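**Q** next comes the sequence, and after it the predicted model I'd like to discuss.
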Amino acid sequence: MSLPTPLFGDDSARMWVTALPLSEPAEPNIVLAVDTRGGVDERLACDLFNYGHEGEEGVFYLLPMDLWARVEVTGDRLVVRLVTSRQRIVDSGAHRDEEFGRLVAELPLEEIPDGRVTVLRREIRIDPAALADQAGLLPGPGHRAALSPEGEPCGDDLRPVLILDHEGPATLEQLVAALGDEEASVMVVGAD
């Protein structure tokens, strides 16, 4: 798979605004990388991926009650929070060992106004004006709803956030290669 140059982001933040060569036409999406052996927050996010429903081969879709992405733009900062309910965290941890449960219990899970909690937070610098023509990509003034394949607005939701899970640290180029080699998978998470 060939990779278009990311519009924004970097490998150290493990977050990009880029088009992934998964389907045509390749439109920019917010893309996060999650290391299956990473910190407790990343491993917890990976546990929540188990609630995904497989679509195309290697692509999994998550329901809003299982995992959701909150996208915010403040000035030139793009922040993505993966959020879920406290109960879903308890449910997902039921199959893990006591040590992992203790580590999860110690996470400083930020509660958001709707009662969900932040599992993972990522942030990068962007130029919002450069992305203004991308319907459904960013929230805020002038936001345009994401479009269906038929070109119809899809409510007020944003484009889904794409999450690439993998084992160990990796650059975006390595992640895309891992997708082609079936060593990584894509989680499609709804966003607002």
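**A** Looks like it arrived, so ask away. Treat the numbers as computed from the prediction; the structure is a model and nothing was measured. Numbering: from 1, shown residues only.
**Q** and residue 69, what are its phi and psi?
**A** Note on residue 69: backbone dihedrals following degrees, to the nearest 10 are phi -110, psi 130.
**Q** that one is in contact with residue 191, isn't it?
**A** Yes: the criterion here is Cβ atoms under 8 Å, and residue 69 meets it with residue 191 at 4.0 Å. For glycine as for every other residue, the C-beta is placed from the backbone atoms N, C-alpha and C.
**Q** flag the shaky bits of this protein, pLDDT-wise.
**A** 1-4, 22-25, 58, 141-156 (pLDDT under 70).
**Q** let me see the ranges of the strands in it.
**A** 8-10, 15-19, 28-35, 53-54, 59-62, 68-74, 77-84, 117-125, 161-166, 185-189 (DSSP state E).
**Q** dump the second one to CSV, keeping only the CA atoms.
**A** Translated: strand 15-19. Output in CSV follows, covering the C-alpha atoms of strand 15-19 (Å, rounded to 0.1, in the frame of the first residue of the first chain):
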residue,chain,number,x,y,z
MET,A,15,-1.7,10.8,15.6
TRP,A,16,-2.1,12.2,12.0
VAL,A,17,-4.6,13.8,9.7
THR,A,18,-4.1,11.7,6.5
ALA,A,19,-5.7,9.6,3.9
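**Q** got the angle for it vs strand 28-35?
**A** Between strand 15-19 and strand 28-35, the angle comes out at 140 degrees (axes from the mean of the first three to the mean of the last three Cα atoms, to 10 degrees).
**Q** quick one: strand 15-19 to strand 77-84, angle?
**A** Using the same axes, to 10 degrees: strand 15-19 against strand 77-84 is 100 degrees.
**Q** direction included, what does strand 15-19 pair against?
**A** Strand 15-19 sits in its sheet next to strand 8-10 (antiparallel), strand 28-35 (antiparallel), going by DSSP bridges.
**Q** re earlier: would JSON lines of the strands of the chain with mean neighbour count and distance to residue 139 be doable?
**A** Formatted as JSON lines, those follow (neighbours: other Cβ atoms under 10 Å; distance: least, Cβ to Cβ, whole Å):
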{"stretch": "strand 8-10", "mean neighbour count": "18", "distance to residue 139": "16"}
{"stretch": "strand 15-19", "mean neighbour count": "22", "distance to residue 139": "14"}
{"stretch": "strand 28-35", "mean neighbour count": "22", "distance to residue 139": "11"}
{"stretch": "strand 53-54", "mean neighbour count": "10", "distance to residue 139": "25"}
{"stretch": "strand 59-62", "mean neighbour count": "19", "distance to residue 139": "19"}
{"stretch": "strand 68-74", "mean neighbour count": "18", "distance to residue 139": "6"}
{"stretch": "strand 77-84", "mean neighbour count": "21", "distance to residue 139": "10"}
{"stretch": "strand 117-125", "mean neighbour count": "18", "distance to residue 139": "15"}
{"stretch": "strand 161-166", "mean neighbour count": "23", "distance to residue 139": "12"}
{"stretch": "strand 185-189", "mean neighbour count": "22", "distance to residue 139": "15"}
